[in-house]
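Visitor: dropping a prediction and its sequence here:
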Amino acid sequence: TQLLEQSPQFLSIQEGENLTVYCNSSSVFSSLQWYRQEPGEGPVLLVTVVTGGEVKKLKRLTFQFGDARKDSSLHITAAQPGDTGLYLCAGPKSGSGNTGKLIFGQGTTLQVKP
Amino acid sequence: NAGVTQTPKFQVLKTGQSMTLQCAQDMNHNSMYWYRQDPGMGLRLIYYSASEGTTDKGEVPNGYNVSRLNKREFSLRLESAAPSQTSVYFCASTLVPDTGELFFGEGSRLTVL
């Protein structure tokens, strides 16, 4: 069974601190996505990584796809209260063809205190 | 832009009652999905539709039925609700499966007593 495991599950930090969230699997994924979800809303896509070793930056957020395409990380520099939310990684289910059937990690809840 | 619209946003049911969650998207996407979200479990796929008239099971289809009425609309029906179906349900759609952005609705919070 393909699984995506995120760590930590919960993170509470002060504004200005740096943090890293991990998304790990024993399975190879053709691509991985990161979503952010705020309370009462649906997830919103932050980034898609498709190449092993790929690094993408989105302002203060840096995303990395592992060389073996089994893991990914999200690093936030100088976190701000607006970064608060649930962060989810997701990848296509193996053998599902090009259907968009995604497997999601259980999520990391980030709280950034002013 | 409306994007993905779900109704109702909140619903309370008694065990054994039935209901339908409605979803519509205005982005001309072929692929649509129903997910459920439970604490500590991320999102799990219930059903998927690649196009009008076609549907396919996801990870947790038991107790649910779906209908892809046309390209815009994808409904989820609970025939006989159970407490285990208490959850937040999300409808989503995408233009490019697997690597494209999945657009989600705001969610429907369902409680089964």
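Guide: On my side now, so go ahead. Residues are numbered from 1 along each chain as shown, chains lettered A, B, ... in the order given.
Visitor: only C-alpha atoms from now on, for both contacts and neighbour counts.
Guide: OK.
Visitor: what does stretch A:14-30 contact?
Guide: Contacts of stretch A:14-30 with the rest of the structure, by CA atoms under 8 Å, 6 or more residues apart in numbering or on different chains, involve A:2-8, A:50-51, A:68-81, A:89, A:91-92, A:94, A:105, A:108, A:112-114.
Visitor: pull up the distance across that stretch, start to finish.
Guide: 35 Å (CA to CA, to the nearest Å).
Visitor: repeat for stretch A:43-52
Guide: Span of stretch A:43-52 from end to end, CA to CA: 24 Å.
Visitor: which of the three states applies to the residue nearest to the spatial centre of chain B?
Guide: Closest residue to the average C-alpha location of chain B: residue B:34 at 2.8 Å, with CA atoms, centre = their mean. Put simply, residue B:34 is strand when judged by DSSP: H, G, I helix; E, B strand; the rest coil.
Visitor: so how far is residue A:103 from residue A:55?
Guide: Residue A:55 is 21 Å from residue A:103, by CA to CA.
Visitor: so stretch B:88-100, near chain A or not?
Guide: Yes - shown here: stretch B:88-100 in contact with chain A (CA under 8 Å from any CA of the partner chain) through B:90, B:96-100.
Visitor: how about that stretch: buried residues?
Guide: By neighbour count on 16 or more other CA atoms under 10 Å in any protein chain shown, the buried set for stretch B:88-100 is B:88-95, B:97-99.
Visitor: which residues in chain A form helices?
Guide: With DSSP state H as the criterion, chain A has no helices.
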